[in-house]
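> Everything below, folded, please.
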Amino acid sequence: MKRALLYIFAALFVVSCKNSGVRNNENNDNKPVITVTIEPLRYFTEAIAGDNFNVVSMVPKGSSPETYDPTPQQLVGLAESKAYFRIGYIGFEQTWMDKLTDNAPHLQFFDTSRGVDLIYDASHIHSSAAHQSDGEYAAGVDPHIWNSAYNAQIIAGNILSALCLIDKDNEETYLERYKNLCLLIERTDSLICSMLSVPNADRAFMIYHPALSYFARDYGLHQISIEEEGKEPSPSHLKTLINTCKEEKVRTIFIQPEFDRRNAEIIARQTGTKVVPINPLSYEWEEEMLKIAQVLKIEN
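Predicted structure coming up:
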């Protein structure tokens, strides 16, 4: 009974988060603004901030945070923000963070990746080489830290600390909402573990852009990237991928809306695998995480 009530509560909390996502587009109430880099970070921030702030994303839905350039209107709007929450190491931040700081010198910037056990991967050198953190260059950091329930709790803790710093009068409210978000994250993790523990669940998967490294690490999976150091695969690499797909009994190739699907379809035709669209940049964080696990659970 206690578990059932917890699940009902978590479901209601998700609905609350989704509704706040709709309100993000109605920024006419003079609430203070927090700007974040990507939609998943908006999801976590709104879950804790509630109605006290309007939260807006710099990288809009459907755009790649590796290559996106903000519009002049966004830069003007940024100057009116109370704070900026960065995800940590994504390409947009490497290119634009210094410029954003210069554009709004009064703005408080918070790094929500602090405390995350980072994955270093040569395939991400192209997007992360410019980032410097705590005096050390972070070349090759995999930036997709939010695609992990474990990391999500760390991100949530960083958001809580930032909100309590900029709005001390509402600390208790933020703490309570943080606890609720952690319950939802824990439930998501539990459901994923359950789905991936079935005997025939996939232990390896292929993906065009390696955005699920932390997800794979959390659940003992092997992520195989079609991209070759951030570029289209060469014919020889494509052949190697086809052989690897067969050897590891891969049944699923994930593709993201920001990338071309032709190479994935070539591999799928040669190996009999299925191509499944996913969106790791979706605002609907819980829904997307569970979708990925469900695909890997289902027998073909």
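> for T244, what are its contacts?
I224, V250 (Cβ atoms under 8 Å, 6 or more residues apart in numbering). To be clear about C-beta, it is placed using only N, CA and C from the backbone, and glycine gets the same treatment.
> Out of the helices and strands in the protein, which is least certain?
Of all helical and strand segments in the chain, the minimum by mean pLDDT, DSSP states H and E falls on strand 136-137, at a mean of 34.
> While we're on A4, how confident is the model there?
Model confidence at A4, given as pLDDT, is 43.
> on that earlier part again, what's the following helix or strand after the least confident helix or strand of the chain?
Following strand 136-137 in sequence order, the next helix or strand is helix 149-166 (DSSP states H and E).
> If you count neighbours, what's buried in that next one?
Going by neighbour count (16 or more other Cβ atoms under 10 Å), the buried part of helix 149-166 is 149, 151-160, 162-164.
> Against which helices or strands is the helix or strand that that helix is followed by packed?
Once the chain leaves helix 149-166, the next helix or strand it forms, by DSSP H and E, is helix 171-196. Contact partners of helix 171-196 among helices and strands, from 3 or more Cβ pairs under 8 Å, 6 or more residues apart in numbering; DSSP states H and E: helix 2-23, helix 39-49, helix 149-166, helix 213-219, helix 285-297.
> need the contact list for G62.
Counting by Cβ under 8 Å, 6+ apart, G62 makes contact with P257, E258.
> what packs against the lengthiest strand in the chain?
If you go by DSSP state E, the chain has its longest strand at strand 81-86. Judged by 3+ Cβ pairs under 8 Å, 6+ apart, strand 81-86 is in contact with strand 33-36, helix 91-103, strand 108-111, helix 149-166.
> Excluding chain neighbours, give the residue nearest to Q223 in space.
Excluding the flanking residues, the one nearest Q223 by Cβ to Cβ, 6 or more residues apart in numbering is A216, at 4.2 Å.
> what about that neighbour, neighbour count?
As a burial measure, A216 scores 20 neighbours (other Cβ atoms under 10 Å).
> What distance do you get for it to I292?
A216 sits 10 Å away from I292, going by Cβ to Cβ, to the nearest Å.
> and N279, helix, strand or coil?
coil (DSSP: H, G, I helix; E, B strand; the rest coil).
> What's the separation between it and I119?
Separation of N279 from I119 (Cβ to Cβ) stands at 21 Å.
> Let me know how buried the residue lying closest to G50 once chain neighbours are set aside is, in neighbour terms.
Among residues not flanking G50 along the chain, R177 sits closest, at 5.7 Å (Cβ to Cβ, 6+ apart). With neighbours defined by other Cβ under 10 Å, the count for R177 comes to 23.
> my read: R177 touches A47, true?
Yes - with contact defined as Cβ atoms under 8 Å, R177 counts as touching A47 (6.4 Å).
> sorry, back to before: wait, which of the buried residues of helix 149-166 is closest to V275?
Set against V275, the nearest of the buried residues of helix 149-166 by Cβ to Cβ is A149 (25.4 Å).
> which residues does that closest one contact?
So A149 contacts I185, E186, T188, D189, I192, D218, M289 (Cβ under 8 Å, 6+ apart).
> Go again with 6 Å.
When contacts are counted by Cβ atoms under 6 Å, 6 or more residues apart in numbering, A149 touches I185, T188, D189.
> Find the nearest non-adjacent residue to it, please.
Distances taken as Cβ to Cβ, 6+ apart place D189 nearest to A149, at 3.7 Å, with adjacent residues excluded.
> Ok, K274 next?
In space, K274 is closest to T252, 5.8 Å off (Cβ to Cβ, 6+ apart).
> What does the pLDDT read for the one you found?
Looking at T252, its pLDDT reads 97.
> Does it touch A204 like I think?
No - with contact defined as Cβ atoms under 6 Å, T252 does not count as touching A204 (9.0 Å).
> Can you pull the poorly scored residue ranges out of the protein?
1-28, 122-139, 299-300 (pLDDT under 70).
> 50 instead?
For the chain, the stretches with pLDDT under 50 are 1-27, 125-138.
> Which one of the buried residues of helix 149-166 is nearest to G230?
N151 (21.9 Å).
> Check the contact between that closest one and P143; I expect there is one.
No - counting by Cβ under 6 Å, N151 does not reach P143; the two are 11.4 Å apart.
> With adjacent residues omitted, what lies nearest to T188?
Leaving out its chain neighbours, the residue that sits closest to T188 by Cβ to Cβ, 6+ apart is E286, at 5.0 Å.
> and the angle for the longest strand of the chain with helix 149-166?
160 degrees (axes from the mean of the first three to the mean of the last three Cα atoms, to 10 degrees).
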